[in-house]
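Enquirer: next come a sequence and a model predicted from it.
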Amino acid sequence: MISSVVLDIEGTTSPLSAVHDILFPYARERIADWIRDERPGTPEVSDGVRELAGAEVDVVATLLDWHDRNLKHSPLKTLHGLIWERGFLAGDLRGVVYPDVPPALAEWRERGVRIWIYSSGSVLAQRLWFSQTDQGDLLSLLDGHFDTVSGGPKKEVASYEHIASVIGVPPGDILFLSDAVAELDAARAAGWRTAGVSRPEDGNPDVGTHPAVVTFEAVPREEFPPQP
Ligand SMILES: CSCCC(=O)C(=O)COP(=O)(O)O
Ligand SMILES: [Mg+2]
């Protein structure tokens, strides 16, 4: 029986374009000034960059390089979250969620299923994203969040083993939804159930050998607890 669902964000709950065409450019334009002006989080982010890339590196150039290569290193994702926080507070940014997502989350919770987010975006970014979406505040539908700091890298089996132990349920009771084969493969190797989200709006990504769904409505409910 499925007792927990874990959700990726980009390409799963939300359109790829909302992240790549809006959030990412918003952050990129502001990375250099943020670090040079020593805005909040700069010492921790800079230390993190030097730890990963070496003591002598140019921190700004390294962050911009990681950003352009879409690397999911934690110091970059932490900085993204801090920059986006300003954008959400200023009303420049808002979360975008596919319309099939809120009703599915509400239905699964009614059945007693717990719902978690696991994204490379920082927990701060995730909470901002789901608290101010185009379809209202969805935070109350979520039980918790994992990012690359609290969960680990998304393509590593150990991350899914760790998250299962934190959630506190057997891995076979967890269903992971993602559009990325490498993430789905890692989750399955950790004993999780998987569904590959292959949305037409995002170009129907290949989800390999994982059961494919085009919307959350299409997620099979047979293994969920019955509706009350
Ligand atoms: C609102 S979180 C932004 C998503 C993000 O920063 C990212 O890198 C996408 O990661 P995901 O694991 O959701 O594919
Ligand atoms: Mg994704």
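Expert: All right, it came through fine. Ligands and ions are numbered 1, 2, ... in the order given.

Enquirer: is any part of the helix or strand where S159 lies close to ligand 1?
Expert: Per DSSP states H and E, S159 falls inside helix 157-167. No: residues of helix 157-167 contacting ligand 1 under CB under 6 Å from any ligand atom: none, with a closest distance of 11.3 Å. Backbone N, C-alpha and C define where each C-beta goes, glycine included.

Enquirer: quick one: contacts of the helix or strand just after that helix?
Expert: Sequence-wise, the next helix or strand downstream of helix 157-167 (DSSP H and E) is strand 174-178. Strand 174-178 has contacts (CB atoms under 8 Å, 6 or more residues apart in numbering) with 2-8, 11-12, 118, 160, 164, 167, 183-184, 187, 192-197, 213, 216, 219, 223.

Enquirer: list the contacts of the residue in the chain that ligand 1 sits nearest to.
Expert: Ligand 1 sits closest to G121 of the chain, with a gap of 2.3 Å, by CB to the nearest ligand atom. Contacts for G121 (CB under 8 Å, 6+ apart) come out as 9-10, 19, 77, 80-81, 129, 147.

Enquirer: and the helices in this structure?
Expert: In the chain, the helices defined using DSSP state H lie at 16-17, 24-36, 42-53, 59-68, 74-89, 101-110, 123-131, 157-167, 181-189.

Enquirer: so what secondary structure elements neighbour the helix holding S159?
Expert: Where contact means 3 or more CB pairs under 8 Å, 6 or more residues apart in numbering; DSSP states H and E, helix 157-167 is packed against strand 4-7, strand 114-118, strand 174-178, helix 181-189.

Enquirer: thinking again about what came up before, indicate which one of the helices of the chain is closest to D202.
Expert: helix 16-17 (4.8 Å; CB to CB).

Enquirer: how far does that closest one sit from the chain's center?
Expert: Centroid displacement of helix 16-17 relative to its chain, using CA atoms, centre = their mean, to the nearest Å, is 13 Å.

Enquirer: go on, stretch 161-173?
Expert: On CA atoms, centre = their mean, the centre of stretch 161-173 falls 18 Å from the chain's centre.

Enquirer: can you pull the buried residues of that stretch?
Expert: Across stretch 161-173, burial judged by 16 or more other CB atoms under 10 Å covers 161-164, 167, 171, 173.

Enquirer: go on, stretch 205-213?
Expert: Applying 16+ other CB under 10 Å to stretch 205-213 flags 205, 207, 210, 212-213 as buried.

Enquirer: is that stretch anywhere near ligand 2?
Expert: No: using CB under 5 Å from the ion, stretch 205-213 never reaches ligand 2; the gap is at least 8.6 Å.

Enquirer: do the same with stretch 182-199
Expert: No: Stretch 182-199 does not reach ligand 2 (CB under 5 Å from the ion); its nearest approach is 7.0 Å.

Enquirer: distance of P205 relative to S17?
Expert: 14 Å (CB to CB, to the nearest Å).

Enquirer: G208 touches E183, doesn't it?
Expert: No: counting by CB atoms under 8 Å, G208 stays clear of E183, with 10.7 Å between them.

Enquirer: could I get the buried residues of stretch 205-213 as a markdown table with pLDDT and distance to ligand 1?
Expert: As requested, the buried residues of stretch 205-213 are exported to a markdown table (pLDDT from 0 to 100; distance: CB to the nearest ligand atom, whole Å):
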| residue | pLDDT | distance to ligand 1 |
| --- | --- | --- |
| P205 | 98 | 11 |
| V207 | 98 | 14 |
| H210 | 98 | 16 |
| A212 | 98 | 17 |
| V213 | 98 | 17 |
